[in-house]
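Novice: What would the 3D arrangement of this be:
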Amino acid sequence: MIGGLHVRLSGEPPMPPPDADFSVTIDFKKGEGNPRRVFDAASLLIAGFEQIDDLAIDTIDTRIEPLLVLEDVEAGSIKVWLKNVLTAADDQAIKELDWKPAVGKYLVRAKYVAVKWLDSGSDENPPAITDLAQELRQIASETDVRHLPDYPPIHEGRLLTALDRLQDAKKQLIRGDKLTIETDDQKYEVDLARTWSPTASIAPDAARETHSHGELILTVRKPDMIGKTQWQFRHGKNNVSAPITDHDWLHEYRERKIDLRPGDALRCMVRFAYDYDAEGKLTGQRMEIENVFEVIRSTGRQTSFLEDKT
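Specialist: This next block holds a predicted model:
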């Protein structure tokens, strides 16, 4: 599964490996400093990128496993070509999605954005970690893998730890060295003078649960007739389950004042909740319907619950 390792010591620089996603280039000042610094810096960068992949993928789907593999190494300067390999759990729903290209690009962009974010701050004036976490979440939503308007937030504590690892890599290099990150369409020279410590400068949000809201139209597959089970819905190609906690609407429904059948849809406000363990790993996610605004008949006719009550 791991790509071949090829070290070229002479000749013209080769073309990028066809499967590589991005590269890290260290132009080092020859004859000065500890020679191990170049390899230590490359190793720490890869470790930091792996941590970013692990936390970023949770925002897409915890069933997807990212693996960062070595595609090639060029000598002269040290240029390391890397590739994201993605595997998914044996789940038919996710297998049917053409998610790999979009998720692969997301992980590359996440690493690129994180490196640039580090260069925007200092110990005295650190940038807001919430801004970076929100930007990564926005990039995740652009993949549209979940087919939902909400994506789990990036855990700030885990993100800060990964950023520290990237900063540790920069600290290995000396004046005169250069570090460049290159993707398919972007090239960025890292500011090696910006070696401030994110975990020492920023207090992360320690919340074990986060939540957000969004309006959805959910097609009813199976109503909860007795009030002790979750409703079964369909959203796009996905099957979802959620309780309805709009007690006024439920009372009207159970009194048979609302005609609702499988195939009809509900326009509703949904609460998305996400649970994290002590290490910041996403352990659970759930949704509940807090307000039902209207029933959309499968024939196209609509009736508003709010209007029916007036």
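Novice: Please identify the buried residues of stretch 192-206?
Specialist: Buried residues in stretch 192-206, counted by 16 or more other CB atoms under 10 Å: 192, 195, 196, 198, 201, 202, 204. All C-beta spots, glycine's among them, are computed from the backbone N, C-alpha and C.
Novice: Show the average pLDDT along it.
Specialist: On average, the pLDDT along stretch 192-206 is 83.
Novice: And the helices in the stretch 101-250 of the chain, which stretches?
Specialist: Secondary structure of the stretch 101-250 of the chain (DSSP state H, counting those that start in this stretch): helices at 129-141, 156-171, 198-201, 247-254.
Novice: For the last one, name the packing helices and strands.
Specialist: Just to be clear, that refers to helix 247-254. Secondary structure elements in contact with helix 247-254, counted by 3 or more CB pairs under 8 Å, 6 or more residues apart in numbering; DSSP states H and E, are helix 305-309.
Novice: Low-confidence ranges, the stretch 151-300 of the chain, go.
Specialist: Within the stretch 151-300 of the chain, the stretches with pLDDT under 70 are 204-209, 225-228, 278-280, 283, 299-300.
Novice: Recalculate using a threshold of 80.
Specialist: For the stretch 151-300 of the chain, residues meeting the criterion pLDDT under 80 lie at 151, 153, 203-213, 224-229, 236-238, 274-285, 299-300.
Novice: ranges for the strands of it?
Specialist: Per DSSP state E, counting those that start in this stretch, the stretch 151-300 of the chain carries strands over the ranges 178-182, 187-189, 209-222, 231-235, 238-242, 265-276, 282-296.
Novice: Direction included, what does the fifth one pair up with?
Specialist: Right, strand 238-242. strand 231-235 (antiparallel) (DSSP bridges).
Novice: Now do the buried residues in the partner strand.
Specialist: Applying 16+ other CB under 10 Å to strand 231-235 flags 231, 232, 233, 235 as buried.
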